[in-house]
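Undergrad: just need the structure, nothing else, for what follows:
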Amino acid sequence: MRFLRLYVGIAVLAAVLATSACQSGKHPVALVSGKQAAPPNLTAAIPVPASSPENQVHARKPPEPSIAPENAPSADPVADLIAKVEKEYQSGQDNYKAGHLDAARQDFDRAFDLLLNNKLEINSDPRLENELDRILEGINGFEMQAQQQGDGFTEQKSEPAPIDEANEAATPVDANVKAKAEAEIKSTRSDLPLMMTDQVAGYISYFSTRGRGTLENALTRSGRYEDMIRRVLKQEGVPQDLIYLAQAESGFHPLALSRVGARGIWQFMASRARGYGLQRDWWVDDRQDPEKATRAAARHLKDLYQQFGDWYLAMAAYNSGPGTVQSAVKRTGYADFWELYRRNVLPKETRNYVPIIVAVTIMAKNPTQYGLDHLEKAQPVTSDVVKIDYPVDLRLVAQCVDASATDLQDLNPSLLRMTTPKDHPFELHLPMGTKDKFQTAIAAIPPDMRVWWRYHKVQPGDTLASIARTYRTTGKAIAQVNHLEESEALPPDSKLTIPIAPGKRSLSEEATYAKHATRYKLRKGDTVKSVADNFGVPPAMVRRWNHLKSDSLRGHSTVYVHLPVSPSAAQTEVVATNRAKPKHTKAVPLASAQNPAVVHHKVKQGETLYSIASSYKTTVDALKRANRNVAILRPGMVLVIRP
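TA: Take a look at the predicted model:
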């Protein structure tokens with residue numbers, strides 16, 4: 001399920017395109033400060049491509065005319081739903097075979113969403129359960145095939161965008177908070193207009209209580225990008241305090257993803273991003289490149305200000321599209337955000353958007369008054385840059401420069417996979433001062449093997465045989481590549497080139513989750529975190545497997561979890577149901593009321609098969625039989641304990 005990720009809300013994309021299609025030219029709007037004026041003749045000047053690849057990723061047959069009326073009741077709604085799912089799934093198969101990986105992913109996403117996001121419960125009909133199992137298994141099969149040709153399917157983990165949570169928050173007005181903020185505004189210097197309203201005061205209360213952690217995390221992370229953002233905003237001639245728009249949107253997280261598919265620090269939708277030169281393909285998404293996205297956002301906001309003549313309206317248009325704001329102004333005759341707010345002619349999220357940004361700006365510029373002066377900002381991101389024209393795995397890059405793969409991912413947030421693009425150049429960011437070290441090390445690896453081969457730093461006790469087992473190669477192959485004798489001792493801390501056959505992975509890089517998903521019926525009080533803790537998996541994986549854009553489980557009765565498996569057995573699955581049972585049988589949760597004889601144990605640091613078997617009064621052999629001969633334990637694995 002790592003393969004599944006819904007990038008864009010199709011309906012929202014259609015709305016953006018619709019509001020953009022009729023806009024051209026540049027005409028600033030005169031502010032009327034809440035007083036009605038003749039409706040201004042607004043036209044947009046925002047570059048948007050004439051067509052959207054989201055809707056044109058592959059050719060699709062036009063829908064066949066329906067014989068029955070649209071509102072005619074279906075004789076078998078389950079069969080109708082399965083037919084729709086099969087159509088998307090077949091389209092995904094066709095696109096995958098044609099090499100259109102991005103299009104295939106979107107088709108598979110739609111098939112998955114059709115099953116989970118409809119009025120029919122999956123467990124209401126065995127046909128639906130069987131269809132979901134078949135779809136999941138089929139997609140996993142495609143993923144495994146793709147991995148045989150390079151790690152192009154290990155998708156980067158995104159983070160929920162903070163703006164979504166703030167938009168849902170109830171914001172009661174505290175008179176004391178409002179009075180205090182009004183006094184602070186008078187002495188607050190900002191190159192953006194700051195106005196105190198009940199809505200702004202409500203969000204100041206929110207970020208002082210429930211949303212305080214979100215605000216503090218964002219202010220801490222701001223140190224990574226603040227210097228760069230302010231420099232770019234200044235170069236583009238826009239207010240530097242627009243940095244707080246990014247703080248409210250994403251918390252300065254390049255991997256932030258909203259529920260409607262907006263990405264990156266500046267939360268660009270894909271269609272608008274292309275209009276400002278941000279490219280997106282299977283390998284790279286420029287919306288997640290902090291500097292490229294900052295420059296694009298500055299230019300977009302500058303265009304919006306030139307169109308509307310007011311920063312509040314420009315920010316509102318940044319959120320909902322210039323066409324939406326233009327329509328509201330024309331309809332009411334008011335070119336004033338707060339008047340449009342009062343008349344309720346803007347979408348709810350847009351009405352909240354400006355007050356959220358103003359509240360964040362006031363608090364960030366008055367840290368002492370809001371108890372934020374103790375925060376230590378993160379250090380700025382610095383790096384060397386190497387332009388490469390070949391695919392290379394980030395894990396190999398990390399070994400070349402003695403860093404971690406996580407470090408390399410952090411430095412290259414626009415890279416969606418663990419492998420750099422195979423069909424176009426890429427600017428690879430490296431830890432500062434390691435450019436020469438990388439170029440020397442990578443030169444020793446054949447260009448066509450840079451996705452597969454690895455470096456290994458010799459540890460005390462390592463032998464060619466033990467290293468070969470770890471990387472699933474042979475001692476003879478390692479010796480030949482490194483010009484060694486097979487019996488030669490290996491000096492500790494020396495570095496060996498490890499030749500790995502294409503399609504194979506070292507044990508540490510194998511999939512660590514079961515191929516088949518376990519279905520878990522939610523209970524009252526369950527959250528993404530509680531489900532993740534119960535099954536010993538990261539919350540981010542639960543979100544990914546279930547297409548969740550946040551930690552909310554609202555509207556879901558069932559979630560799917562791939563249980564952890566031993567890294568020494570790629571085909572091993574620690575299953576929560578008897579293998580002989582039908583696939584659609586529900587998994588027994590950790591606290592098993594239905595089958596108290598079976599329990600689940602999450603492995604802790606330092607535990608062994610013997611210590612676990614002893615604590616449950618069973619044997620090591622019985623424990624291994626119940627868990628498909630698991631041999632190596634990792635903290636967080638979930639084991640089945642049978643009597």
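
Undergrad: how many neighbouring residues does the residue lying closest to residue 639 once chain neighbours are set aside have?
TA: Leaving out its chain neighbours, the residue that sits closest to residue 639 by C-beta to C-beta, 6 or more residues apart in numbering is residue 601, at 4.8 Å. Backbone N, C-alpha and C define where each C-beta goes, glycine included. Applying other C-beta atoms under 10 Å, we find 18 residues neighbouring residue 601.

Undergrad: contacts only, for residue 601.
TA: 612, 616, 638, 639, 641 (C-beta atoms under 8 Å, 6 or more residues apart in numbering).

Undergrad: just the pLDDT for it.
TA: pLDDT, residue 601: 84.

Undergrad: so where does it fall, helix or strand?
TA: Element membership for residue 601, per DSSP states H and E: strand 599-602.

Undergrad: show the subsequent helix or strand relative to that strand.
TA: helix 609-615.

Undergrad: which elements pack onto that following helix?
TA: Judged by 3 or more C-beta pairs under 8 Å, 6 or more residues apart in numbering; DSSP states H and E, the packing partners of helix 609-615 are helix 620-626.

Undergrad: which non-adjacent residue is nearest residue 551?
TA: residue 528 (4.3 Å).

Undergrad: got the contact list for that neighbour?
TA: So residue 528 contacts 539, 542, 543, 548, 551, 552, 553 (C-beta under 8 Å, 6+ apart).

Undergrad: show the buried residues in these.
TA: Among the contacts of residue 528, those classed as buried by neighbour count (16 or more other C-beta atoms under 10 Å) are 539, 542, 543, 548, 552, 553.

Undergrad: got a markdown table for the residues you listed, with pLDDT, distance to residue 228 and secondary structure too?
TA: As requested, the buried ones among the contacts of residue 528 are exported to a markdown table (pLDDT from 0 to 100; distance: C-beta to C-beta, whole Å; DSSP: H, G, I helix; E, B strand; the rest coil):
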| residue | pLDDT | distance to residue 228 | secondary structure |
| --- | --- | --- | --- |
| 539 | 78 | 30 | helix |
| 542 | 83 | 33 | helix |
| 543 | 80 | 29 | helix |
| 548 | 76 | 31 | coil |
| 552 | 77 | 33 | coil |
| 553 | 83 | 37 | coil |
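
Undergrad: show me where the stretch 251-400 of the chain has its strands.
TA: Remark: strands assigned in the stretch 251-400 of the chain by DSSP state E, counting those that start in this stretch are 256-257, 383-388.

Undergrad: which of those strands comes out lowest on mean pLDDT?
TA: For the strands of the stretch 251-400 of the chain, mean pLDDT drops lowest on strand 256-257, to a mean of 90.

Undergrad: count of neighbours near residue 385?
TA: 10.

Undergrad: again, but for residue 138
TA: 15.

Undergrad: next helix or strand past the strand or helix carrying it?
TA: Using DSSP H and E, residue 138 maps to helix 126-147. Using DSSP H and E, the helix or strand that follows helix 126-147 in sequence is strand 159-160.

Undergrad: what packs against that following strand?
TA: Against strand 159-160 (3+ C-beta pairs under 8 Å, 6+ apart) you get strand 256-257.

Undergrad: how far out from the middle of the chain is the strand it packs on?
TA: 6 Å (C-alpha atoms, centre = their mean, to the nearest Å).

Undergrad: now for that strand, which elements pack on it?
TA: Under the contact definition 3+ C-beta pairs under 8 Å, 6+ apart, strand 256-257 sits against strand 159-160.
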